[in-house]
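Asker: give the three-dimensional model of this entry:
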Amino acid sequence: TQLNSLIATIPYDHWNAGTESIFNVIIYLTFKLTGVDVYTEVHSAKGRSDVLVKTERFIYALELKLDGTAEEALQQIKDRGYLQPYAADNRKKLAVGITFSSEKREVSQYQVAEC
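Answerer: So this is what the prediction gives:
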């Protein structure tokens with residue numbers, strides 16, 4: 001809800017909702033402004049995670065999809081092992097799949113799974 005509220009403040013003529021990059025930037029800046037460690041396009045042995053967030057207790061891998069499903073996004077995190085480089089880290093690892101609607105310009109689905 002809060003993310004959709006933020007997205008709704010962006011004027012319609014500033015949008016290029018044909019790609020997920022605008023949503024990536026919005027999520028990155030949202031986390032950055034809260035003061036947590038956030039990284040985009042984090043490369044690993046099997047691919048790259050759209051967004052990686054590290055807090056004192058958690059490591060989140062976020063996969064963003066435009067007009068896809070949250071299940072697809074979560075499966076990509078698992079298949080490509082985006083959290084595998086952090087296996088020895090004691091923090092709890094969570095995969096977060098987020099999908100956006102290009103038509104409605106908002107979050108359409110999200111799912112979280114422990115990895």
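Asker: just the buried positions in the helix or strand that residue 63 is a member of, please.
Answerer: Secondary structure assignment for residue 63, by DSSP states H and E: strand 58-66. Buried positions in strand 58-66, judged by neighbour count with 16 or more other C-beta atoms under 10 Å: 59, 60, 61, 62, 63, 64, 65, 66. Any C-beta I mention is one placed from the backbone N, CA and C, and that applies to glycine too.
Asker: list the residues that contact residue 70.
Answerer: Counting by C-beta atoms under 8 Å, 6 or more residues apart in numbering, residue 70 touches 97, 98, 99, 109, 110, 111.
Asker: so the third one: helix, strand or coil?
Answerer: The three-state assignment at residue 99 reads strand, by DSSP: H, G, I helix; E, B strand; the rest coil.
Asker: re the thing from before, nearest to residue 88, of the buried residues of strand 58-66?
Answerer: Residue 88 lies nearest to residue 59 out of these, by C-beta to C-beta, at 11.4 Å.
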